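1. with the input below, show me the fold.
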Amino acid sequence: MRKIVVSEFVSLDGVMQAPGGKDEDTEGGFAHGGWTWPYWHDEIGAHFAQALSESDALLLGRKTWQIHGGAFEPMAEGDPNDAGMNAMPKYVVSTTLASATAWRNSTLIGGDVVEAARALKAQPGKNILIDGSSVLVHTLARHDLIDEYRLIVCPVVLGGGKKVFPEGVRLNLQLVEARPLLSGVVLTHYTVERPA
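-> The predicted model follows:
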(Lines give C-alpha, C1' and ligand atoms only; values in the text may rest on other atoms or scores of the structure.)
Protein backbone atom coordinates (compact mmCIF):
# COMPACT_ATOMS: atom_id res chain seq x y z
CA MET A 1 0.00 0.00 0.00
CA ARG A 2 1.25 3.49 -0.82
CA LYS A 3 2.04 5.98 1.92
CA ILE A 4 0.74 9.52 2.30
CA VAL A 5 3.64 11.76 3.32
CA VAL A 6 3.19 15.30 4.63
CA SER A 7 6.12 17.68 4.04
CA GLU A 8 5.82 21.07 5.74
CA PHE A 9 7.70 24.07 7.01
CA VAL A 10 6.69 24.53 10.64
CA SER A 11 7.45 27.03 13.39
CA LEU A 12 8.36 25.93 16.92
CA ASP A 13 4.75 26.56 17.96
CA GLY A 14 3.43 24.31 15.18
CA VAL A 15 2.37 26.95 12.63
CA MET A 16 2.58 26.08 8.93
CA GLN A 17 0.72 29.05 7.45
CA ALA A 18 2.25 31.11 4.61
CA PRO A 19 5.88 30.02 4.90
CA GLY A 20 6.88 31.25 1.46
CA GLY A 21 5.55 34.74 0.88
CA LYS A 22 4.09 37.83 2.51
CA ASP A 23 0.69 37.54 0.82
CA GLU A 24 0.63 33.76 0.40
CA ASP A 25 -2.15 33.21 2.97
CA THR A 26 -3.40 36.08 5.13
CA GLU A 27 -6.54 34.22 6.30
CA GLY A 28 -7.40 34.98 9.91
CA GLY A 29 -5.33 38.18 9.78
CA PHE A 30 -2.05 36.25 9.53
CA ALA A 31 0.66 38.88 9.02
CA HIS A 32 3.86 36.81 9.12
CA GLY A 33 3.93 35.42 5.57
CA GLY A 34 7.38 34.49 4.30
CA TRP A 35 8.68 33.64 7.78
CA THR A 36 10.99 30.86 6.51
CA TRP A 37 13.31 33.00 4.36
CA PRO A 38 15.78 34.04 7.10
CA TYR A 39 16.43 30.35 7.80
CA TRP A 40 16.95 29.06 4.24
CA HIS A 41 19.71 26.52 3.72
CA ASP A 42 20.44 24.48 0.57
CA GLU A 43 19.87 21.27 2.51
CA ILE A 44 16.20 22.27 2.88
CA GLY A 45 15.84 22.01 -0.88
CA ALA A 46 17.59 18.64 -0.84
CA HIS A 47 15.24 17.46 1.97
CA PHE A 48 12.19 18.33 -0.11
CA ALA A 49 13.76 16.91 -3.30
CA GLN A 50 14.26 13.58 -1.52
CA ALA A 51 10.60 13.47 -0.44
CA LEU A 52 9.60 14.34 -4.01
CA SER A 53 11.86 11.66 -5.53
CA GLU A 54 10.22 9.02 -3.30
CA SER A 55 6.75 10.08 -4.52
CA ASP A 56 4.89 9.75 -7.78
CA ALA A 57 1.83 11.88 -7.00
CA LEU A 58 0.91 15.11 -5.26
CA LEU A 59 -2.30 15.51 -3.24
CA LEU A 60 -3.09 19.17 -2.56
CA GLY A 61 -5.79 21.46 -1.28
CA ARG A 62 -7.11 24.09 -3.67
CA LYS A 63 -5.13 27.08 -2.37
CA THR A 64 -1.80 25.25 -2.34
CA TRP A 65 -2.50 23.75 -5.77
CA GLN A 66 -3.26 27.21 -7.19
CA ILE A 67 -0.10 28.73 -5.66
CA HIS A 68 2.13 25.90 -6.90
CA GLY A 69 0.43 25.76 -10.28
CA GLY A 70 0.88 29.50 -10.75
CA ALA A 71 4.63 29.04 -10.22
CA PHE A 72 5.25 25.76 -12.07
CA GLU A 73 2.73 25.63 -14.94
CA PRO A 74 4.44 28.47 -16.90
CA MET A 75 7.77 26.58 -16.84
CA ALA A 76 8.80 24.79 -20.01
CA GLU A 77 9.34 21.05 -19.92
CA GLY A 78 12.92 20.40 -18.82
CA ASP A 79 13.26 23.68 -16.89
CA PRO A 80 15.77 22.96 -14.09
CA ASN A 81 13.49 24.71 -11.56
CA ASP A 82 10.58 22.40 -12.38
CA ALA A 83 11.91 19.41 -10.35
CA GLY A 84 9.32 17.16 -11.99
CA MET A 85 6.32 18.96 -10.50
CA ASN A 86 4.63 19.55 -13.87
CA ALA A 87 5.04 15.96 -15.09
CA MET A 88 3.91 14.36 -11.81
CA PRO A 89 0.21 13.47 -11.45
CA LYS A 90 -1.53 15.91 -9.12
CA TYR A 91 -4.83 15.56 -7.28
CA VAL A 92 -6.51 18.77 -6.13
CA VAL A 93 -9.24 18.67 -3.50
CA SER A 94 -11.85 21.36 -4.04
CA THR A 95 -15.58 21.92 -3.89
CA THR A 96 -15.29 25.25 -5.74
CA LEU A 97 -13.09 24.53 -8.77
CA ALA A 98 -14.93 23.60 -11.96
CA SER A 99 -11.87 21.90 -13.47
CA ALA A 100 -8.19 21.19 -12.84
CA THR A 101 -6.90 22.28 -16.23
CA ALA A 102 -4.96 25.30 -14.89
CA TRP A 103 -2.00 23.03 -14.03
CA ARG A 104 -1.10 20.15 -16.34
CA ASN A 105 -1.52 16.54 -15.20
CA SER A 106 -4.01 17.49 -12.49
CA THR A 107 -7.21 15.68 -11.49
CA LEU A 108 -10.00 17.27 -9.49
CA ILE A 109 -11.33 15.52 -6.38
CA GLY A 110 -14.65 17.20 -5.68
CA GLY A 111 -16.34 14.49 -3.64
CA ASP A 112 -15.39 12.49 -0.57
CA VAL A 113 -11.68 13.21 -0.02
CA VAL A 114 -11.32 10.47 2.60
CA GLU A 115 -12.52 7.77 0.20
CA ALA A 116 -10.46 9.29 -2.63
CA ALA A 117 -7.33 9.22 -0.44
CA ARG A 118 -7.98 5.59 0.53
CA ALA A 119 -8.39 4.69 -3.15
CA LEU A 120 -5.13 6.46 -4.08
CA LYS A 121 -3.27 4.65 -1.29
CA ALA A 122 -4.59 1.30 -2.55
CA GLN A 123 -3.15 1.87 -6.04
CA PRO A 124 0.33 0.60 -6.86
CA GLY A 125 3.08 3.21 -6.84
CA LYS A 126 5.39 5.30 -4.75
CA ASN A 127 4.44 7.75 -1.98
CA ILE A 128 1.74 10.41 -2.29
CA LEU A 129 3.16 13.76 -1.17
CA ILE A 130 1.26 16.65 0.45
CA ASP A 131 2.60 20.07 1.29
CA GLY A 132 0.73 23.13 2.49
CA SER A 133 -2.95 22.20 2.38
CA SER A 134 -3.72 22.55 6.11
CA VAL A 135 -7.43 21.67 5.85
CA LEU A 136 -6.64 18.55 3.83
CA VAL A 137 -3.83 17.51 6.22
CA HIS A 138 -6.18 17.86 9.20
CA THR A 139 -8.93 15.85 7.50
CA LEU A 140 -6.59 13.01 6.61
CA ALA A 141 -5.00 13.00 10.09
CA ARG A 142 -8.45 12.72 11.67
CA HIS A 143 -9.07 9.62 9.53
CA ASP A 144 -5.64 8.06 10.21
CA LEU A 145 -4.58 8.28 6.56
CA ILE A 146 -1.21 10.03 6.99
CA ASP A 147 1.80 7.73 7.29
CA GLU A 148 4.77 10.11 7.58
CA TYR A 149 5.58 13.71 8.48
CA ARG A 150 8.71 15.38 7.11
CA LEU A 151 8.85 18.64 9.00
CA ILE A 152 11.27 21.48 8.39
CA VAL A 153 11.27 23.07 11.84
CA CYS A 154 12.33 26.73 11.89
CA PRO A 155 13.56 28.49 15.06
CA VAL A 156 10.71 30.97 15.28
CA VAL A 157 7.52 31.27 17.35
CA LEU A 158 4.72 32.93 15.37
CA GLY A 159 2.09 33.10 18.10
CA GLY A 160 -0.80 31.89 15.99
CA GLY A 161 -1.84 30.68 12.56
CA LYS A 162 -2.79 27.45 10.85
CA LYS A 163 -1.18 24.45 12.52
CA VAL A 164 0.21 21.23 11.10
CA PHE A 165 -1.64 19.01 13.56
CA PRO A 166 -5.39 19.25 14.16
CA GLU A 167 -6.80 20.01 17.59
CA GLY A 168 -8.12 17.01 19.49
CA VAL A 169 -6.23 14.33 17.54
CA ARG A 170 -3.59 12.23 19.27
CA LEU A 171 -0.78 10.86 17.13
CA ASN A 172 2.13 8.71 18.28
CA LEU A 173 5.12 9.42 16.07
CA GLN A 174 8.38 7.51 15.68
CA LEU A 175 11.44 9.64 14.91
CA VAL A 176 13.31 8.43 11.82
CA GLU A 177 15.70 11.37 11.47
CA ALA A 178 16.50 14.74 13.02
CA ARG A 179 19.25 16.80 11.41
CA PRO A 180 20.11 20.32 12.60
CA LEU A 181 21.37 22.90 10.10
CA LEU A 182 23.59 25.92 10.74
CA SER A 183 20.63 28.21 9.99
CA GLY A 184 18.90 26.88 13.14
CA VAL A 185 16.47 24.70 11.19
CA VAL A 186 16.00 21.07 12.16
CA LEU A 187 15.04 18.65 9.38
CA THR A 188 12.82 15.97 10.88
CA HIS A 189 11.21 12.79 9.59
CA TYR A 190 8.56 10.91 11.60
CA THR A 191 6.44 7.87 10.88
CA VAL A 192 3.00 7.47 12.41
CA GLU A 193 2.88 4.58 14.87
CA ARG A 194 -0.17 2.36 14.68
CA PRO A 195 -1.18 -0.53 16.93
CA ALA A 196 0.02 -3.90 15.58
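2. now the spatially most central residue of the chain: how far from residue 115?
-> The residue lying closest to the centre of the chain (Cα atoms, centre = their mean) is residue 131, at 1.0 Å. Distance, residue 131 to residue 115, using Cβ to Cβ, to the nearest Å: 22 Å. Every C-beta, even on glycine, is put in place using the N, C-alpha and C of the backbone.
3. beyond the helix or strand of the chain with the lowest mean pLDDT, next helix or strand please.
-> Across the helices and strands of the chain, mean pLDDT, DSSP states H and E gives its lowest value to helix 42-53, namely a mean of 89. Next in sequence after helix 42-53, counting helices and strands by DSSP states H and E, comes strand 55-61.
4. what average pLDDT does that following strand get?
-> Strand 55-61 shows a mean pLDDT of 97.
5. what residues does it touch?
-> The contact list for strand 55-61 (Cβ atoms under 8 Å, 6 or more residues apart in numbering) reads 4-5, 68, 85, 88-94, 117, 120, 125-136.
6. among these, name the buried ones.
-> 4-5, 68, 85, 88, 90-94, 117, 120, 127-136 (16 or more other Cβ atoms under 10 Å).
7. narrow these to those in helices?
-> 68, 117, 120, 134, 135, 136 (DSSP state H).
8. buried residues, stretch 33-43. List them.
-> Using 16+ other Cβ under 10 Å as the test for burial, stretch 33-43 gives 33, 35, 36, 39.
9. thought the last one was touching residue 155?
-> The reference is to residue 39. Yes - at 6.8 Å, residue 39 and residue 155 qualify as touching, with contact defined as Cβ atoms under 8 Å.
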